[in-house]
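Trainee: Fold the following.
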Amino acid sequence: GVNLVVRQGEVCALMGPNGSGKCIALNDKIVINNRLISGYGLMKQIKDEEYEYYEGGLVVKKKLSVYTPQGVLKEAVPYFEAYNDLGYYIKTRSGREVTVTPEHKLLAFSNKLEWSQSKNFREGVFIAIPRKIFFNGKKELPHPEEWTKNIDGHINIVKNDDSYTIKARLPMGWHYKDYEIHVDKTYNIELIEFFSMLTSEGYVSLNTNQITITQKQYADKLFGVAKFLKKMGIYVGIEKKKGSEDTYTLRIANKLFSLFLKSAFGIDNENRVPSTIFDFPEELKKIYLKYMFTFDGDVRKDGNQVTIIQKRKNTIDYLTYLLLEFGIVGRISTKRIKNKPYYVLRICGFNDINKFLLNIGFFDEEKNNRIREYLSKKRKKDYTTAYDLVPFDNEALKEIIKFIRYKLFKKYDKIKDKSWYDVRYRGWK
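Mentor: Next up, the predicted model:
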């Protein structure tokens with residue numbers, strides 16, 4: 001057998017072992033190697049790695065990087081075992097949800113702050129959630145040799161000073177077609193603008209190698225994206241939508257570019273967020289979020305809440321994690337639009353609204369001004385949205401104490417010395 005030893009500085013990514021207290025469901029999302037991935041996705045990713053059996057489970061011989069509750073990056077040992085026992089589905093008021101085993105511990109507050117097993121939780125328990133995550137970013141894009149190695153066809157990679165030229169002869173049914181694209185070595189603003197517009201307003205069909213992006217209010221930015229794509233060597237078609245004077249649609253039909261998006265960034269029919277998004281340098285993360293909230297987001301007239309609505313839960317998951325890098329905690333809910341479920345991400349509370357304006361904001365200054373007006377009127381609160389707190393009304397509490405004191409002294413009217421009240425409840429008066 002295998003001696004499953006977790007060395008100092010490591011943690012263990014456990015998916016299913018009985019009684020470990022570290023288990024999550026395979027369809028829940030986790031951040032591993034700076035990628036947001038489900039347990040099933042992780043199994044698929046490491047299926048070809050070497051492994052050994054240990055007490056009915058599989059120890060995979062591959063090191064992973066995970067974030068601890070303190071936000072520190074550590075190595076992890078993946079371990080899988082079948083689990084057919086009881087699971088607990090936990091959902092917080094702020095919309096976070098996870099399915100865990102009864103022994104899984106979460107940091108919670110009842111009478112004191114402590115790590116408690118999920119089987120001991122009851123409705124109304126306060127669970128700590130992350131306030132900030134420090135993602136280890138990098139400037140370089142995935143190397144062409146990595147994302148082209150599984151492509152069916154003839155690939156030639158030419159290295160330039162600050163870019164790569166990828167030439168490919170790819171099968172197209174009964175014949176072959178030649179492609180050529182130019183890819184920068186590092187992330188830049190133009191690529192991030194394309195990603196944000198694709199996430200927000202795009203449609204991807206890998207079956208037909210078709211990509212479309214439609215834009216109305218910010219058509220000038222769509223033309224900017226088209227210019228960038230042409231610089232990459234990609235033919236782009238732009239047409240005006242019938243019956244609309246100011247709505248334009250950008251169309252791309254390039255198999256090599258579609259494979260580039262799929263293999264390097266995990267973009268396909270179901271996912272339009274680049275899987276490498278946590279690798280972006282901080283300033284480019286800000287730009288991505290600014291575009292996303294400008295295209296799809298809104299702010300209340302009184303400026304006290306920023307919202308963004310998406311059809312795909314996956315997009316909301318990415319945005320929620322990305323906001324945590326700037327210390328912004330979002331709240332997730334659902335709503336039905338035209339009888340279809342949509343996911344809503346809300347940013348509210350003085351602290352989070354203020355951080356949103358300072359770090360991200362909108363391109364639309366009218367929306368930014370609404371937030372500024374709200375912040376100027378609202379004094380900073382002592383509480384934060386990092387915890388789901390019960391609202392506290394001090395004036396109401398004073399009335400309750402006054403009522404209790406009245407009832408107590410009326411019942412025990414023989415009490416002559418009432419100074420004990422002043423001593424015991426001095427801080428409440």
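Trainee: where's the residue minimising distance to the centre of the chain, which helix or strand?
Mentor: The centroid of the chain falls nearest to residue 318 when counting by Cα atoms, centre = their mean (2.5 Å). Residue 318 is part of helix 313-324 when elements are defined by DSSP states H and E.
Trainee: that older thread, surely the residue nearest to the centre of the chain and residue 37 touch.
Mentor: No. With contact taken as Cβ atoms under 8 Å, residue 318 and residue 37 are classed as non-touching, separated by 11.5 Å. For glycine as for every other residue, the C-beta is placed from the backbone atoms N, C-alpha and C.
Trainee: Enumerate every residue touching the residue nearest to the centre of the chain.
Mentor: 36, 273, 277 (Cβ atoms under 8 Å, 6 or more residues apart in numbering).
Trainee: Where does the closest residue to residue 313 other than its chain neighbours sit, in terms of helix or strand?
Mentor: Distances taken as Cβ to Cβ, 6 or more residues apart in numbering place residue 343 nearest to residue 313, at 5.1 Å, with adjacent residues excluded. Counting by DSSP H and E, the element that carries residue 343 is strand 340-348.
Trainee: orientation of the helix or strand following that strand relative to helix 313-324 in degrees?
Mentor: Downstream of strand 340-348, the first helix or strand assigned by DSSP H and E is helix 350-359. Interaxial angle of helix 350-359 relative to helix 313-324 (axes from the mean of the first three to the mean of the last three Cα atoms, to 10 degrees): 90 degrees.
Trainee: could you dump helix 350-359 to CSV, C-alpha only?
Mentor: In CSV, the C-alpha atoms belonging to helix 350-359 read as follows (Å, rounded to 0.1, in the frame of the first residue of the first chain):
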residue,chain,number,x,y,z
PHE,A,350,-20.6,51.2,2.1
ASN,A,351,-17.3,49.4,2.2
ASP,A,352,-17.8,47.2,-0.9
ILE,A,353,-19.4,50.0,-2.9
ASN,A,354,-16.5,52.3,-2.1
LYS,A,355,-14.0,49.6,-3.1
PHE,A,356,-15.9,49.0,-6.3
LEU,A,357,-15.7,52.7,-7.3
LEU,A,358,-12.0,53.0,-6.4
ASN,A,359,-10.8,49.9,-8.1
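Trainee: Check which residues of that helix are buried.
Mentor: 350, 351, 352, 353, 354, 355, 356, 357, 359 (16 or more other Cβ atoms under 10 Å).
Trainee: Now do the same contact list for residue 115.
Mentor: Counting by Cβ under 8 Å, 6+ apart, residue 115 has contacts 105, 106, 107, 108.
Trainee: Okay, it and residue 368: tell me how far apart.
Mentor: Distance of residue 115 to residue 368, given as Cβ to Cβ, to the nearest Å: 41 Å.
Trainee: Then residue 215?
Mentor: 21 Å.
Trainee: One more: residue 80?
Mentor: 48 Å.
Trainee: about what we covered before: and of the contacts of residue 115, the nearest to residue 28?
Mentor: Checking these against residue 28 by Cβ to Cβ gives residue 106 as the nearest, at 13.4 Å.
Trainee: Strands of the stretch 301-429 of the chain, start to end?
Mentor: Applying DSSP state E, counting those that start in this stretch to the stretch 301-429 of the chain gives strands spanning 305-310, 331-337, 340-348.
Trainee: nearest to residue 198, of the ones you listed?
Mentor: strand 305-310 (13.3 Å).
Trainee: Just the CA trace of the closest one, in PDB.
Mentor: The C-alpha coordinates for strand 305-310 follow below in PDB (Å, rounded to 0.1, in the frame of the first residue of the first chain):
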ATOM      1  CA  GLN A 305     -26.200  48.800  -5.000                       C
ATOM      2  CA  VAL A 306     -24.400  47.600  -8.100                       C
ATOM      3  CA  THR A 307     -25.800  44.600  -9.900                       C
ATOM      4  CA  ILE A 308     -24.900  42.400 -12.900                       C
ATOM      5  CA  ILE A 309     -27.200  39.700 -14.300                       C
ATOM      6  CA  GLN A 310     -25.900  36.600 -16.300                       C
END
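Trainee: these two touch, right, residue 343 and residue 308?
Mentor: No. Counting by Cβ under 8 Å, residue 343 stays clear of residue 308, with 9.2 Å between them.
Trainee: between those two, what contacts are shared?
Mentor: Shared contacts of residue 343 and residue 308, counting by Cβ under 8 Å, 6+ apart, come down to residue 316.
Trainee: Now, the contacts of residue 318 that are in strands?
Mentor: residue 36 (DSSP state E).
Trainee: Let me have the contacts of residue 318 in JSON lines, adding pLDDT as columns.
Mentor: Output for the contacts of residue 318, formatted as JSON lines (pLDDT from 0 to 100):
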{"residue": "36", "pLDDT": "88"}
{"residue": "273", "pLDDT": "94"}
{"residue": "277", "pLDDT": "94"}
